[in-house]
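Chemist: no sequence for this one, just the structure:
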């Protein structure tokens, strides 16, 4: 991280196995950023106004500043929950809100437990996220139906217009009425 400013024309950055508790990525030309964390990083502050693509793999990391990347088009988040508790679902709701201005968001998770919000958290998770319009949701192994996914996850995204939902090897494309 100490060398990032030594490359003034840097456009693509990939960081794996970052172990510090806080990190700041500030670069005016950065257009693509991939971050894979295996230890929990508490906060990654991003100041990259030209960022178009962001990919994240890890746990409960706060990512302030990403909302200011107004050119952000593609976001890919690989969910890897260590524990499914209230903190996880609140983080998931907040991370979705921070990416709501993106043109396309893809979430990938191992199973549906990581994305189906518990009913008892409905009030805690308000307000809903209205700006997210297009999403792809991939669940590697699932024991629930697509309707159960819609009931347990999509309620928080009332502005969603299209959803590509992959459960195992079956993909459905869902368009929501305006």
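Modeler: Looks like it came in fine. For clarity, every value in this text was computed on a predicted model and none was experimentally measured.
Chemist: which SSE is the residue nearest in space to the middle of the chain in?
Modeler: Closest to where the C-alpha atoms of the chain average out (C-alpha atoms, centre = their mean) is residue 77, at 4.3 Å. In this structure, residue 77 is located in strand 74-79 according to DSSP states H and E.
Chemist: Which positions in the following helix or strand past that strand come out as buried?
Modeler: Counting by DSSP H and E, the next helix or strand C-terminal to strand 74-79 is helix 86-98. Buried residues in helix 86-98, counted by 16 or more other C-beta atoms under 10 Å: 88-89, 91-93, 95-98. From N, CA and C alone the C-beta is placed, and that goes for glycine too.
Chemist: Following element in sequence after helix 86-98, please.
Modeler: Next along the chain after helix 86-98, with elements defined by DSSP H and E, is strand 104-109.
Chemist: Remind me what that next one packs against, helices and strands.
Modeler: The criterion is 3 or more C-beta pairs under 8 Å, 6 or more residues apart in numbering; DSSP states H and E, and the helices and strands that strand 104-109 contacts are strand 74-79, strand 134-139.
Chemist: Show me what the last one is packed against.
Modeler: Helices and strands touching strand 134-139, as assessed by 3+ C-beta pairs under 8 Å, 6+ apart, comprise strand 104-109, strand 162-167.
Chemist: if we look at the following helix or strand past it, which residues are touching it?
Modeler: The C-terminal neighbour of strand 134-139 among helices and strands, as given by DSSP H and E, is helix 146-152. Under the criterion C-beta atoms under 8 Å, 6 or more residues apart in numbering, residues 112, 115-117, 137, 139, 142, 144, 165, 167, 172, 174 lie in contact with helix 146-152.
Chemist: Tell me the buried residues in the helix-or-strand element of the chain with minimal mean pLDDT?
Modeler: Taking mean pLDDT, DSSP states H and E as the measure, the chain has strand 22-26 as its least confident helix or strand, at a mean of 84. For strand 22-26, the buried set under the neighbour-count rule, 16+ other C-beta under 10 Å, comprises 23, 25.
Chemist: Pull the residues that contact it.
Modeler: Identification of contacts with strand 22-26 by C-beta under 8 Å, 6+ apart yields 1, 4, 13, 15, 33, 41-48.
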